[in-house]
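Undergrad: Just the structure for this:
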Amino acid sequence: MDTGFDLREHGGVDVFLRDCPTRAVLEVIASKWTMLVLVALEDGRPMRFTELRRRLDGVTQKVLTATLRSLEREGLLAREVYPTVPPRVEYRLTVLGREVGALIQHITDWSQANIDTIRAARRQFDERAAESQDPGPVRR
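TA: Next up, the predicted model:
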């Protein structure tokens, strides 16, 4: 965001600087699995680990565990353990998590609405790249 002045001089942050604390937050949010967890929980219904893992096709237990811990650390996710045998654990978004989840849901909706255009652009790009690498007929 171009503010016309250096935010650091006024106690602000600059996400383009490597030590900016907001950059670390962006790194968490920009993860594919983080985005999918946020969308999966965006409706407000708590989910158990196994539900999330089934919902997020392809995620490993290790990656999902790390993602959930990261989201909890950032204050975007609440983890509730129920005193049952075996313990039941549910995950839900916090108010902050619902805010960012709504933003991610918009990106998801945009992606789904534009996938045909994106696929066409990919095909055109790949065709141009293949043509530029084709050396043409071999001359002797």
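Undergrad: For the chain, which segments count as strands?
TA: 47-48, 77-82, 88-93 (DSSP state E).
Undergrad: now these as a markdown table including mean neighbour count, distance to Arg18 and mean pLDDT?
TA: All C-beta atoms are positioned from the backbone trio N, CA, C, and that covers glycine. A markdown table is the format used below for these (neighbours: other Cβ atoms under 10 Å; distance: least, Cβ to Cβ, whole Å; pLDDT from 0 to 100):
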| stretch | mean neighbour count | distance to Arg18 | mean pLDDT |
| --- | --- | --- | --- |
| strand 47-48 | 15 | 35 | 96 |
| strand 77-82 | 13 | 26 | 96 |
| strand 88-93 | 17 | 29 | 96 |
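Undergrad: Show me the one of those that comes nearest Ser31.
TA: For these, the distance to Ser31 is smallest for strand 77-82, at 13.2 Å, taking Cβ to Cβ.
Undergrad: returning to that earlier point: same list (the strands of the chain) but as TSV, adding distance to Val37.
TA: TSV is the format used below for these (distance: least, Cβ to Cβ, whole Å):
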stretch	distance to Val37
strand 47-48	9
strand 77-82	8
strand 88-93	8
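Undergrad: in this protein, which ranges drop under the pLDDT threshold?
TA: Applying pLDDT under 70 to the chain flags the ranges 1-12, 134-140.
Undergrad: can you rerun that using 90?
TA: By pLDDT under 90, the low-scoring segments of the chain are 1-25, 28, 86-87, 131-140.
Undergrad: out of all of them, which helix in it is the longest?
TA: Longest helix in the chain, counting residues (DSSP state H): helix 95-133.
Undergrad: So which elements touch it?
TA: Packing contacts for helix 95-133, counted by 3 or more Cβ pairs under 8 Å, 6 or more residues apart in numbering; DSSP states H and E, involve helix 32-41.
Undergrad: Hey, what's the angle from the longest helix of the chain to strand 88-93? Just curious.
TA: 80 degrees (axes from the mean of the first three to the mean of the last three Cα atoms, to 10 degrees).
Undergrad: For helix 95-133, buried residues please.
TA: Of the residues in helix 95-133, Gly97, Arg98, Val100, Gly101, Ile104, Gln105, Thr108 count as buried by neighbour count, 16 or more other Cβ atoms under 10 Å.
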